[in-house]
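Trainee: With the input below, show me the fold.
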Amino acid sequence: MDFRIFIEPQQGTTYEAVAALAQTAERLGFNGFFTSDHYLRMGDTDGLPGPLDAWTTLAGLARDTGRLRLGTLVTPVTFRHVGSFAIQAAQVDHMSGGRVEIGLGAGWYDAEHAATGIPFPELGERFDRLEETADILTGMWSTPTGELFSYEGRHLSVVDSPALPKPAQSPMPFVVGGGGPRRTPRLAARIGSEFNVPFVDPDTWAALVDNVKQVCTAEGRNPDELVYSVAQVVCVGRDTAEFEQRANDIGREPDELLDNGVAGLAESMQQRVATFEAAGCDRLYLQVLNIDDLEHVELIAELLEIS
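Mentor: Residues are numbered from 1 along each chain as shown. Predicted coordinates:
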């Protein structure tokens, strides 16, 4: 199993703090560094000094790190016009030397759309747009240089695009995730290099992954070609007092964290990880909610024996 750090900068942070955390994660041996893609805080926080734009952040990290895989969990297709996003993502991939992975989603947080003036269609249309965005991105990036790309969908269309620039990677890795029983697994089978499920217990995770594997087989895709991952909140301490202080710092109850995350002291943390690994999990995204607590990430790496 490999381990990645996952952050939620919509809760309020600065690029400098994020870069410091990413550089620490890289030095400690984590495999990747991923960010949510949201514009509005969640829960009981003031959100100061404000959110960060995910792809602007990734562009900075592309230059300020040298090894980490970089990406989003996940970019809502409601936020970004597909044509300009294709250029943006390809450029960031080149800036990073081919280290970008694109997490794509339909979008779910209606309040942030209202707060930023971004249209928020009903769910069926959002998922249509997700599928059409995937068609356009993969179509553009597989179009031979010198040829034009066109596409006509229900909601999105492209006419005679030169389909440039191409990303550094070919094919570009896509992370598809969520708990949908039908359309999400089909999308994962069609374009996914990875299937991710956030914030579930190991049994639920295993059932969702099994469904994706069955859909892959039915669609003619070898399910072993995908990486299967989970995202979990992380909060650990060297002793109970330190763990409880870190839980308080992120506004969470210790017992709730123990039930739902990679949390507590060394034994409980390692047991949670081992349970996912036994269920077949290839990769764990550790949601770090206090971006400024670099000592926490040092301890996580020590307890997981990352090097």
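Trainee: how's the protein carved up into domains?
Mentor: Dividing the chain into domains by automatic domain parsing, as the record does, gives the ranges 1-70+233-307, 74-172, 180-225.
Trainee: Would you reformat the ones you listed as CSV and include mean neighbour count?
Mentor: Heads up, the C-betas are built off the backbone N, CA and C, glycines and all. As requested, the domains of the chain are exported to CSV (neighbours: other C-beta atoms under 10 Å):
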stretch, mean neighbour count
domain 1-70+233-307, 18
domain 74-172, 17
domain 180-225, 18
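Trainee: Would you mind giving those domains as TSV with mean pLDDT added?
Mentor: Below are the domains of the chain laid out as TSV (pLDDT from 0 to 100):
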stretch	mean pLDDT
domain 1-70+233-307	97
domain 74-172	97
domain 180-225	97
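Trainee: any idea which residue sits dead centre in the protein?
Mentor: Leu73 (1.9 Å; C-alpha atoms, centre = their mean).
Trainee: ok, now how distant is it from Leu303?
Mentor: 22 Å (C-beta to C-beta, to the nearest Å).
Trainee: circling back: isn't the residue nearest to the centre of the chain right up against His38?
Mentor: No: at 10.5 Å, Leu73 does not count as touching His38 under the criterion of C-beta atoms under 8 Å.
Trainee: Which stretches in the stretch 151-300 of the chain count as helices?
Mentor: Counting by DSSP state H, counting those that start in this stretch, the segments of the stretch 151-300 of the chain that form helices are 183-191, 202-218, 240-249, 254-260, 266-278, 294-303.
Trainee: how about those in TSV, adding distance to His113?
Mentor: Formatted as TSV, the helices of the stretch 151-300 of the chain follow (distance: least, C-beta to C-beta, whole Å):
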stretch	distance to His113
helix 183-191	20
helix 202-218	26
helix 240-249	30
helix 254-260	27
helix 266-278	32
helix 294-303	32
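Trainee: So the residue nearest to Asp46 when sequence neighbours are not counted versus Asn290, what's the distance?
Mentor: Closest residue in space to Asp46, ignoring its immediate chain neighbours: Gly12 at 6.8 Å, by C-beta to C-beta, 6 or more residues apart in numbering. For Gly12, the distance to Asn290 equals 11 Å [C-beta to C-beta].
Trainee: again, but for Asp239
Mentor: 18 Å.
Trainee: Same question for Asn31.
Mentor: 21 Å.
Trainee: Mind pulling up the pLDDT for Val176?
Mentor: You'll see Val176 listed with a pLDDT of 97.
Trainee: Can you name the residues that contact the residue lying closest to Ala188 once chain neighbours are set aside?
Mentor: If the residues on either side of it in the chain are set aside, Ala188 comes closest to Val176, at 4.1 Å by C-beta to C-beta, 6+ apart. By C-beta atoms under 8 Å, 6 or more residues apart in numbering, the contact list for Val176 reads 103-104, 184, 187-188, 191-192, 194-196.
Trainee: how about the residues you listed in CSV, adding distance to Phe6?
Mentor: As requested, the contacts of Val176 are exported to CSV (distance: C-beta to C-beta, whole Å):
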residue, distance to Phe6
Gly103, 10
Leu104, 16
Thr184, 19
Leu187, 21
Ala188, 19
Ile191, 21
Gly192, 18
Glu194, 13
Phe195, 16
Asn196, 10
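Trainee: For Trp141, state which of the residues you listed is nearest.
Mentor: The closest of these to Trp141 turns out to be Ile191 (C-beta to C-beta; 10.9 Å).
Trainee: how near is that closest one to Gln214?
Mentor: For Ile191, the distance to Gln214 - C-beta to C-beta - is 18 Å.
Trainee: go on, Ser36?
Mentor: For Ser36 relative to Gln214 (C-beta to C-beta), the value is 29 Å.
Trainee: And Leu123, by the same measure?
Mentor: 23 Å.
Trainee: May I ask you to name the longest helix in the protein?
Mentor: helix 123-142 (DSSP state H).
Trainee: Measure how it sits relative to helix 183-191, angle-wise.
Mentor: Comparing the axes of helix 123-142 and helix 183-191 via axes from the mean of the first three to the mean of the last three C-alpha atoms, to 10 degrees yields an angle of 10 degrees.
Trainee: Does helix 123-142 pack against any helices or strands, and if so which?
Mentor: Here helix 123-142 touches helix 82-95, strand 100-105, strand 149-152, strand 157-161, helix 183-191, going by 3 or more C-beta pairs under 8 Å, 6 or more residues apart in numbering; DSSP states H and E.
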